[in-house]
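Q: Sequence below, structure please.
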Amino acid sequence: MPFAHAKDGTALHVKDTGSGSPVVLIHGWPLTGDMFEYQTLPLLEAGHRVVTYDRRGFGQSGHPVGPYDYDTFADDLAAILEAGEISGATLIGFSMGGGEIARYLTRHGPARIAKVALVSSVVPYLLKDDSNPDGVDYSVFQDMKDQIRKDRFAFLQTFAKQFYGVGVVSSPVSSALLDWTFILGVMASPKATIECVDAFGTTDFRGDLASFTMPTLIIHGTGDKTVPIDVAGRAAAKGIPHAEFLEYEGEPHGLCATAADRLTSDLLNFVAL
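A: The predicted structure is shown next:
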């Protein structure tokens, strides 16, 4: 299944390999399904069917003018599950990919889904407002969009360092991995890159939390400066009382690489339960 097609005809690039119980990995912004480099092979070796895809506007999927909102993203996920005849799936959403899961469960229900995991996820609500005083001020998102418009390439290089917690004295990933991250990010449509900042930055998923009726795992790094743990992971754990919540001490946003072995082990154990 190299491509599925959304309701509006947008081609969605899908990699579907292996057999056994299906695991669907939903990528973060501004990357592609290939970001799960360190998780895909172990899941395949453990006997799972592994499905990754590129969100509309990113990677090898179609780059339409729009729309770039979570109702559309959730419907795209539904189209992929239907095209692949996928049921009994574990959905794993990283960063903005967690939003797809939340909205999918509300719009399409749990029939095809066995378990879900939110990793460094934006759920339940990032934006600071009167109902969410500890959230992220909109000026942060506006600044990101301004930088992307001015020099998307420079922004992507700078963002990757924050993503992985790279600093003056800390180098948790190689320069080669930073280069690879840049390549994945630069494949995206500039319009999708900008519009998705508002999508993940301002969409309120608090009303979707009641749809998490299945076993749920939440993983978040305490050192995440991209999606702060208090307003995201910890808030999601409070809103989904039955969820298992794992805090990775000191880990940044991009823990798919910086804590690859630990994350992969935790995900394998969760899928196998």
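
Q: Give the closest residue to Ser189 in space, chain neighbours not counted.
A: Leaving aside its chain neighbours, Ser189 sits nearest to His63 (3.9 Å; criterion: CB to CB, 6 or more residues apart in numbering). All C-beta spots, glycine's among them, are computed from the backbone N, C-alpha and C.

Q: I'd guess that neighbour is in a strand, am I close?
A: No: with DSSP: H, G, I helix; E, B strand; the rest coil as the criterion, His63 is located in coil rather than a strand.

Q: list the contacts for it?
A: Arg56, Gly57, Ala188, Ser189, Lys191, Ala192 (CB atoms under 8 Å, 6 or more residues apart in numbering).

Q: Tell me the buried residues within those.
A: Burial by neighbour count, 16 or more other CB atoms under 10 Å: within those this picks out Arg56, Gly57, Ala188, Ser189, Ala192.

Q: Quick check: the farthest pair among those residues?
A: Using CB to CB, the buried ones among the contacts of His63 span at most 10.2 Å, a distance reached by Arg56 and Ala188.

Q: Val271: which of the contacts of His63 is nearest?
A: Comparing these against Val271 with CB to CB picks out Arg56 as the nearest, at 26.4 Å.

Q: Just confirm that closest one is within a strand.
A: No: read with three-state DSSP, Arg56 is coil and lies in no strand.

Q: related to what we said a few turns ago, kindly reformat the buried ones among the contacts of His63 as CSV containing distance to Leu25 and pLDDT.
A: As requested, the buried ones among the contacts of His63 are exported to CSV (distance: CB to CB, whole Å; pLDDT from 0 to 100):
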residue, distance to Leu25, pLDDT
Arg56, 16, 98
Gly57, 18, 98
Ala188, 17, 98
Ser189, 21, 97
Ala192, 19, 98
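
Q: Relative to Leu178, which of those residues is nearest.
A: Looking across those and measuring by CB to CB, the closest to Leu178 is Ala188, at 16.8 Å.

Q: Strands of this structure, start to end?
A: With DSSP state E, the ranges of strands along the chain come out as 3-5, 11-17, 22-26, 49-53, 89-94, 113-119, 216-221, 244-248.

Q: so Trp29 makes contact with Met96?
A: Yes: with contact defined as CB atoms under 8 Å, Trp29 and Met96 form a contacting pair (4.6 Å).

Q: and the top helix by length along the chain, what other elements does it pack with?
A: The helix spanning the most residues in the chain, taking DSSP state H as the definition, is helix 138-163. With contacts defined as 3 or more CB pairs under 8 Å, 6 or more residues apart in numbering; DSSP states H and E, the packing partners of helix 138-163 are helix 175-186, helix 190-202.

Q: which one of the contacts of His63 sits closest to Ala89?
A: Arg56 (19.9 Å).

Q: what bits of the chain have low per-residue confidence?
A: Along the chain, the model assigns pLDDT under 70 to residues 1, 168-169.

Q: Among the contacts of His63, pick out the one closest to Leu41, please.
A: The nearest member of the contacts of His63 to Leu41, counting by CB to CB, is Ala188 at 24.4 Å.

Q: right, so of the helices and strands packed on helix 138-163, which gets closest to Tyr125?
A: The nearest among the helices and strands packed on helix 138-163, by CB to CB, is helix 190-202 at 8.7 Å.

Q: What distance do you get for the closest residue to Phe200 other than its chain neighbours to Pro67?
A: In space, and not counting its chain neighbours, Phe200 is closest to Met96: 3.9 Å by CB to CB, 6+ apart. Counting by CB to CB, to the nearest Å, the separation of Met96 from Pro67 is 15 Å.

Q: same question, Cys196
A: Separation of Cys196 from Pro67 (CB to CB) stands at 11 Å.

Q: Between the two, point out the one with more neighbours.
A: Of the pair Cys196 and Pro67, Cys196 is the one with more neighbours under other CB atoms under 10 Å, namely 24 against 15.

Q: For that one, give me its contacts.
A: Taking CB under 8 Å, 6+ apart, we find Cys196 in contact with Trp29, Pro30, Arg55, Gly57, Tyr68, Met96.

Q: Surely the second one and Pro190 touch.
A: When you say that, I think you mean Pro30. No: if you go by CB under 8 Å, Pro30 and Pro190 don't touch, sitting 10.0 Å apart.

Q: and those two? which has more neighbours close in?
A: Set side by side, Pro30 and Pro190 show more neighbours around Pro30, with 30 against 14, by other CB under 10 Å.
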